[in-house]
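**Student:** Okay, sequence plus prediction incoming.
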Amino acid sequence: MPVFHAHLPKGRFSRERKIAIGNALNQSLVQGLGIPAGDRFIVLSEHGDDELFIDPTFMDMTRTAEAMIITIILGAHRPPEDRHTLMKTVTKLLLEMADVSPDDVFIAMIPAPNENFSFGRGVAQLSSIAPKW
Amino acid sequence: MPVFHAHLPKGRFSRERKIAIGNALNQSLVQGLGIPAGDRFIVLSEHGDDELFIDPTFMDMTRTAEAMIITIILGAHRPPEDRHTLMKTVTKLLLEMADVSPDDVFIAMIPAPNENFSFGRGVAQLSSIAPKW
Amino acid sequence: MPVFHAHLPKGRFSRERKIAIGNALNQSLVQGLGIPAGDRFIVLSEHGDDELFIDPTFMDMTRTAEAMIITIILGAHRPPEDRHTLMKTVTKLLLEMADVSPDDVFIAMIPAPNENFSFGRGVAQLSSIAPKW
């Protein structure tokens, strides 16, 4: 139920690599947080060089023309440990599965309570059970 | 003032249906929460099949190639009842007005306090009045 | 580390103006909140007239065909004064630097704790220091 949106520089990633990015983000939930693999709700979008502005060195990184911004809407119940684990796993798997440099991965996590999610049919499926995803 | 962003699979929705989706989202505020019809701030975007990854069956849904992810930035003061009503109304009106299957509607709501919104001119118009929208 | 996403009407803004919008958003952090200029993480996207629905007059504005929706993911520690200053500065600089009418600037700010951001390498660089950005 974490929802990913990765903003990519246009024309830099092949179809194969975009699919690999989707798989890496999905696997970060599975491997990092023990979430079922079926929980896959991921958006990518491409932006021209007049539409994506990422500083090349801020916070002592060495970013390339492949640098991306990833937002993750995440259950608000997740403690800091889970959030740090997810960041680390996202970055690790993007490198291993899609050849994305760790310096190129900017992440912003947005907290939302579990009852704010509907998996379909207009129902908040997670509102009545203990937080898990 | 809730802000919608619907992420659609590319090439699946005609211009007419995209406009109907916009109208359904707007009407969900009017009919579900009594918000004025003029409060219309809605974004749609299309994503190729290497850019939108939605599991076809997770949480016992039967999703089609039209499945979409909708985010809603919503006043943080809204109680669970309002949020559930909005989910239900969005899904119902997308079916009635734009022929979208209820199983194809994934929703994530992001809470933000009313004073975080500006309708224009750099002013937080709702910061000094009781929460309403 | 505030992250901007400006949703623009398609074909209305030249490359030069899009770059000016990026610069104005970056400068709003520098001039409004004293954030370093290197803290630049900005996304723009364009949406057709069947993909962007903004009411022309709601809340007594006079919006044009250039009206846009800007979301800002912002450190949750920011007090109301900072948020109001940022709104005001964004709107002022969009006018001065990119000729965008103040009535055309809708802003929604999403709060997220500083430890939810990674500038790269999978590390939450701001989790162990006092909130600043």
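**Tutor:** On my side now, so go ahead.
**Student:** Nearest residue to residue A:82 in space, ignoring adjacent ones along the chain?
**Tutor:** Using C-beta to C-beta, 6 or more residues apart in numbering or on different chains and skipping residues adjacent in sequence, the residue nearest residue A:82 is residue A:33, 6.0 Å away. (Each C-beta comes from the backbone N, C-alpha and C, glycine too.)
**Student:** Thought residue A:85 was touching the one you found, still the case?
**Tutor:** Yes: at 6.8 Å, residue A:33 and residue A:85 qualify as touching, with contact defined as C-beta atoms under 8 Å.
**Student:** Kindly indicate whether residue A:30 is helix, strand or coil.
**Tutor:** helix (DSSP: H, G, I helix; E, B strand; the rest coil).
**Student:** And for it, the neighbour number?
**Tutor:** 16 (other C-beta atoms under 10 Å in any protein chain shown).
**Student:** mind listing what the residue lying closest to it once chain neighbours are set aside touches?
**Tutor:** Nearest non-adjacent residue to residue A:30, counting by C-beta to C-beta, 6+ apart: residue A:37, 5.1 Å away. If a contact means C-beta atoms under 8 Å, 6 or more residues apart in numbering or on different chains, then residue A:37 has A:26, A:27, A:30 as its contacts.
**Student:** Which residue does chain A have closest to chain B?
**Tutor:** Closest residue of chain A to chain B, C-beta to the nearest C-beta: residue A:122 (3.3 Å).
**Student:** Next, find the distance separating residue A:25 from residue B:66.
**Tutor:** Here residue A:25 is placed at a distance of 22 Å from residue B:66 (C-beta to C-beta, to the nearest Å).
**Student:** Between the two, tell me which one has more neighbours.
**Tutor:** Relative neighbour count places residue A:25 above the other of residue A:25 and residue B:66, with 27 against 18, counting by other C-beta under 10 Å.
**Student:** Name all residues that make contact with that one.
**Tutor:** Contact analysis of residue A:25 by C-beta under 8 Å, 6+ apart lists A:4, A:6, A:42, A:70, A:90, A:93, A:94.
**Student:** can you tell me which residues contact the nearest residue to residue A:1 once chain neighbours are set aside?
**Tutor:** Residue nearest to residue A:1 in three dimensions, not counting chain neighbours: residue A:133, with 4.5 Å by C-beta to C-beta, 6+ apart. Under the criterion of C-beta under 8 Å, 6+ apart, the contact partners of residue A:133 comprise A:1, A:2, A:33, A:35, A:39, A:75, A:114, A:126.
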